[in-house]
Structure formats: C-alpha cells, structure tokens
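Colleague: Structure for this input, please:
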Amino acid sequence: MALTTGKLGVLGVLTLPPRATGVGSWPTAALSEAAVGWPGQRYSVVAKLAITMLAFVACGGERPMVTAPSSPAPLSTAPAWFSIPIHGRVLDFRAQAGVPGLVVQFSEWTGERVEIQATTDAGGLYTITVPNQDQFLVSVAGVVIGSAQVTGPAYRGDLFVNGGPCISRYGTLADARTLRPVSGATVSLSPAQTTRSGPDGWYRLDLGCPSENYGGGTTFMYITHPSYAPAQTVVGRGVHGVERVDLKLQPR
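Modeller: Predicted coordinates for the structure are as follows:
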C-alpha cells in the first residue's frame, strides 16, 4: 500500500485531451497527465472525479485488457492516521475468477490529492485502508473502472476487470444520512432490466455481451425504494462496458 500527496493549487476549467483514434475511452495516461492550472488552461479538481469516470461511458467502446505487471507493487501498511480498512476481490468478469498481482488504486481530492494502492494476492483479494468515508475514483492496473462510495469497514470492495464487449453496472447503495447499506432497492435500466440490492447494499445489473452497443442517447439508471426518494444517474450515452457505480439514497 502506497500513499502520495501533492498540493493542488488553483481550480481550473475542464478541458479533456483529444480522444485517441477509434471508438473508446480517453487513455488513462492522457487523463492522468492533465494538471490543475488557471481557468481556461487545465481542468478543475472538483470535476476530475466525475469526468474521469464518465469519459469511458460517454463515448463507448471497450476498456483495455487488464493484466498483472511483470513486477507487481509490493503490499505495505498505511500511515497510522488512516482509519477505515476495506476488503474486496478483483474478478475477471467473464471467467468469474480472482486475478492476482493487480494494483488497485483509490484516489480522492480533498485539498490534497491522495492515492492509496494495494496489490491483489493469489486469489485476487486485496485490503486497502482509506482515511475517511468518502467517494473515491477506482482504477485497476491503471484502468479506471468506476467510483466507490466508502461507507465503513463492512463496505464491499469487489471489482470486475476484462469485461470485453459485456455490459454491466454494479456497486453498493447506502443511506445518505447513516451510510448504512440499503437492502431491497430496485435498480433498473428499463422495466425488463431490473435487479434488487442485497442486505449489504450490493446490486449487479448484467445486460449480456452483445456484438453491438446497447441503446443510444443518454441512458439513465433508476433506483426506487419505499423508504427513499427515487434516484437516477446517467450511465452513459447508450450503455457500454462494465463499471462500478456506488450511490447514496435520500430517506423520505
């Protein structure tokens, strides 16, 4: 586990780098090279989390294949002031098997840029310790795979890689006030494509592995529960790829 920090400077205005040729996401390297500067020069820290996550789903295509580096980063302990250990497993989406030797990174921007890393073991398991209950941008082997709303030590940190042409949205639902898991919520993209969250707030909505992209135009995911206000979130222009999307629901 490694930690790097750096002062952020003045907030700027979002300007995405040119997209690579062909259909697909902006390369992770191009996104990470962008810096914070004066307005009109680079892009805002506040926008980075949302834009980086949506860059893929907004323009379609497949994420690059995730493979372990030849020399994975070693596991280490976090500084003492970090307080929330979370656990998860990185799984190959199609094989449903753990993938060893992959670097998992949680990133946040709260006045300073914080990046926390851990490496999966032989079974694809990892443990990472974060400083607070917050939203993090999540990447595996340098590929952004979604967002995580960490709610506490019981948070389910499972992640999927190598989805290929498959389409899925997964993650956890939590009460916005208490951060406790929300069980029994209905998650849907259409009346025929629904699932329910489990006792730990976990949901997974699979749409198969079509040869062509699913749908077109702006696509919303809807969440309903008798005890919570209805919620919706944009999941892309059409729906592409496999992505983690954690959400908080407002009690009625």
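Colleague: need the strands for the stretch 101-250 of the chain, in chain order.
Modeller: 103-109, 112-119, 125-130, 135-140, 143-149, 159-161, 168-175, 186-190, 193-196, 202-206, 214-225, 228-239, 242-245, 247-249 (DSSP state E, counting those that start in this stretch).
Colleague: I figured residue 115 hits residue 107, correct?
Modeller: Yes. With contact defined as Cβ atoms under 8 Å, residue 115 counts as touching residue 107 (4.8 Å). (Each C-beta comes from the backbone N, C-alpha and C, glycine too.)
Colleague: before we move on, back to that, what about the strands of the stretch 101-250 of the chain, which gets the closest to residue 95?
Modeller: Nearest of those to residue 95, taken as Cβ to Cβ: strand 159-161 at 10.2 Å.
Colleague: residues in contact with the closest one?
Modeller: With contacts defined as Cβ atoms under 8 Å, 6 or more residues apart in numbering, strand 159-161 is touched by 66, 88-93, 99, 102, 104, 138, 140-141, 143, 145-146, 168, 170, 242, 244.
Colleague: Span of stretch 108-116 from start to end?
Modeller: 9 Å (Cα to Cα, to the nearest Å).
Colleague: tell me the mean pLDDT over it?
Modeller: Stretch 108-116 carries an average pLDDT of 78.
Colleague: do stretch 130-141 as well
Modeller: 92.
Colleague: And that stretch, end to end?
Modeller: Separation of the first and last residues of stretch 130-141 by Cα to Cα is 19 Å.
Colleague: For it, buried residues please.
Modeller: Neighbour-count burial for stretch 130-141 flags 130-131, 134-141 (criterion: 16 or more other Cβ atoms under 10 Å).
Colleague: out of residue 115 and residue 107, which sits in the more crowded spot?
Modeller: More neighbours surround residue 107 than the other of residue 115 and residue 107, with 20 against 16 (other Cβ atoms under 10 Å).
Colleague: what's across from the more buried one in the sheet?
Modeller: Beta bridges link residue 107 to residue 115, residue 137 when assigned by DSSP bridges.
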